[in-house]
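Participant: For reference, the sequence and a predicted model appear below.
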Amino acid sequence: MTRATRDPDAPARSHDTGGGIRRRFLYGPAGDRLFFALVLGLAMAVVLAAALIAYHLYAGGAQALQRFGLWGFLTGVRWDPALEQRFGALPFLAGTLLTSFAALALSVMPALAVALFVTEYAPGWLGQIVAYLADLLAAVPSVVYGLWGIFVLVPAVREVELAIYLWAAETAPWLLTWLGPPAGIGVLSAVLVLAIMIVPFTASVARDAIRQVPAEQREAIYALGATRWEVVRTAVLPYARGGIVAGVILALARALGETMAVTMVIGNTHQIPSSLFGPGATMASVIANEFTEAVDDLHLSSLVAIGFYLFLLAVAVHLAARWLVRRLTPGGRTA
Amino acid sequence: MRATPAAGRRLRDRVMTVLVALGAAVALLPLFLVLGYVVREGIGALDLAFFIRDPAPVGEPGGGVRNAIVGSLIINLMASLIGVTIGVGAGVFLSEYGQHPLAPLVRLVGDVLGGMPAIIMGLVAYEIVVRPMRSFSALAGAVALGLLMIPIVIRATESALALVPRELREAGMALGLPRWRVTVSVVLPAARYGIVTGALLALARVAGEAAPLLLTAFGNPYLSFDPTKPMDSLPLRVFVYAISPFREWHAQAWAASLVLVLLILSATLAARWMTRQRA
């Protein structure tokens, strides 16, 4: 900040007339206009980037979308790059929605428990440490979760699946088709990895929202003789619901686009997942899995088209989140 | 009226306390397990050769991930150039020219980009860079990661600049400085910690990405410095080794994960430390 006061009177001392002219130019209205143009240009680069993303995803997928139709591609159940050259995205759309919502269902309550624990229940120092660690864990890369999934989670899941399968075979054979092959690799493992991964996202946004609840709000309920849980239920959770929903949706967006960890444990088939233990695939996983191996133009175009729909899905989730958070937040704040 | 809650309410309170603590433990335990495994399995495979050798052919012992470490550094550096330049510029626009009619559009687009799956950026970088150049390249990888960084840097810059008191700007203006000079020499330096924090967090976020690089930088078992050619990166190496059938490679995958996690955690910690300096 000292520089700011030093520089402007520099031209007076300067013997460089060229510099003086440049200075007069930059310090006049032209300088401001130039800087504004620069900043505006960079901001427009963001808009341009978004436009390029939308355009290239559509253009790249156009071949497949024209061949099978915008709706036909999305609802096509067959994905056969080898023999028939038919491509439909439904198996992957179903896989993405199924794994994401199942993971969300599993993770919301534990994540909320983390948020409540660090804000309302734990003593200050412990809450701070736990919150800190949870944030750090959110930074662990997806591929590392995938590695852990392959070598630790999948074998463990296989054991459990096998036990359940054997039990079902004896007592309830009608369950077997719903359970599917107890291979470890499959939808269940993918859901578990996803659920584990998205906990820190929900927890951290929910925690920030809960911290925003005014202390008076809590004190008022305490003053009525409420227990801690009653305070949480009547004063904290309703006030923070906008932020909590925002955290849940952030986690959903994460789960929808999650690629590496899912690809590594889901088993990658081309069928709509039909059983709990059986293999599946998601929109992101099929792109990661087949993109660099696709030799055929139509196959490649179909993969980009899946990316296009994933893009639309992400935008839709984001806009829905904005709307929902604005509705649920007291006073119309956006969290 | 008695202030003591009835026994039933007290019981429910106890039960909920236990449930909340249990739920938190259930949620956090797997995360610590992941970290614990990475440390336990990774440390065993770490040696000097791991850092200074390129991958050995299958069956040969030894070998390291020098190519991936170097590749990660190069790709992330290039990505940061793209992400930080555009991100800070757009952040300055949103904060200093927030009344401009285009500002709401930029803010909305930035937010939407922030929710984009990483693999989408990989597809786009493939279409923009790989297809015209007819080759997978480190540059394409940097474009994909740079696109991912932009929204994070925008948000950090905008909120860091918003924290700079108006009086500081007015003081600068009162000295007769043009507005751009106030922004460059007063506002930006005052917000530097916040901006660097944002850049570090963005870097930590993209440094672990493998998915977009799979479609762009592609990976390369040899050391390469050429940004127009395929290049390796640590997350890619972890992925390739993890899905391979070889025991030595699995060990190296854990070690590479450990290095990657340590790098990312130190960036995150540095960002945290920076935040505290802001006060």
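Facilitator: Noted; the coordinates are in hand.
Participant: Quick one: name the residues of the stretch 51-200 of chain A near chain B.
Facilitator: For the stretch 51-200 of chain A, the residues in contact with chain B (Cβ under 8 Å from any Cβ of the partner chain) are A:52-53, A:56-57, A:59-60, A:107, A:109-114, A:116-118, A:120-121, A:130, A:133-137, A:139-148, A:150-152, A:196, A:199-200. Backbone N, C-alpha and C define where each C-beta goes, glycine included.
Participant: repeat that with 6 Å
Facilitator: For the stretch 51-200 of chain A, the contact set with chain B under Cβ under 6 Å from any Cβ of the partner chain comprises A:53, A:56, A:60, A:110-111, A:113-114, A:116-117, A:121, A:136-137, A:139-141, A:143-144, A:147-148, A:150, A:152, A:196, A:199.
Participant: what's around A:V315, how many residues?
Facilitator: For A:V315, the neighbour count with other Cβ atoms under 10 Å in any protein chain shown is 16.
Participant: That one: what's it in contact with?
Facilitator: B:V112 (Cβ atoms under 6 Å, 6 or more residues apart in numbering or on different chains).
Participant: 8 Å instead, please
Facilitator: Counting by Cβ atoms under 8 Å, 6 or more residues apart in numbering or on different chains, A:V315 makes contact with B:V112, B:G115.
Participant: Going by neighbour count, which residues of the helix or strand that contains it are buried?
Facilitator: Here A:V315 sits within helix A:297-328, counting by DSSP states H and E. Neighbour counts over helix A:297-328 (16 or more other Cβ atoms under 10 Å in any protein chain shown) mark A:298-311, A:313-315, A:317-318, A:321-322, A:324-325, A:328 as buried.
Participant: The stretch 51-200 of chain A: helices as residue ranges?
Facilitator: With helices called from DSSP state H, counting those that start in this stretch, the stretch 51-200 of chain A shows them at A:70-75, A:90-116, A:124-137, A:142-148, A:154-171, A:176-179, A:187-211.
Participant: Now name the helix or strand holding the nearest residue in space to B:A156 that is not next to it in sequence.
Facilitator: In space, and not counting its chain neighbours, B:A156 is closest to B:G198: 2.1 Å by Cβ to Cβ, 6 or more residues apart in numbering or on different chains. In this structure, B:G198 sits in helix B:192-207 according to DSSP H and E.
Participant: cool, and B:L145?
Facilitator: Assigning secondary structure by DSSP H and E places B:L145 in helix B:138-162.
Participant: Tell me which helix or strand comes right after that helix.
Facilitator: helix B:166-174.
Participant: Domain ranges for the chain, per the record?
Facilitator: In the absence of a named chain, chain A is used. A:2-68, A:77-332 (automatic domain parsing).
Participant: wrong one, chain B
Facilitator: Split into domains by automatic domain parsing, chain B comes to B:7-45, B:52-277.
Participant: tell me the most buried of the ones you listed?
Facilitator: Greatest average neighbour count among the domains of chain B goes to domain B:52-277 (a mean of 21), per mean count of other Cβ atoms under 10 Å in any protein chain shown.
Participant: Any chance you could list what contacts the helix holding B:G198?
Facilitator: A:139, A:141, B:72, B:76, B:79-80, B:83-84, B:87-88, B:91, B:118, B:145, B:148-149, B:152-153, B:155-157, B:159-161, B:163, B:188, B:234-235, B:260, B:263-264, B:267-268, B:270-272, B:274-275, B:277-278.
Participant: Same question for stretch B:15-28.
Facilitator: A:107, A:109-114, A:116-118, A:120-121, A:130, A:133-134, A:137, A:199, A:203, A:228-229, A:232.
Participant: now those residues: which count as buried?
Facilitator: Taking 16+ other Cβ under 10 Å as the criterion, what is buried in those is A:107, A:110-114, A:116-118, A:120-121, A:130, A:133-134, A:137, A:199, A:203, A:228-229, A:232.
Participant: Residues of the stretch 201-335 of chain A that sit close to chain B?
Facilitator: Within reach of chain B by Cβ under 8 Å from any Cβ, the stretch 201-335 of chain A has these residues: A:203, A:225-230, A:232, A:250, A:253, A:256-260, A:264, A:284, A:287-288, A:291-292, A:303-304, A:307, A:310-311, A:314-315, A:317-319, A:321-322.
Participant: Give me the longest helix you can find in chain B.
Facilitator: Assignment by DSSP state H gives helix B:7-45 as the longest helix of chain B.
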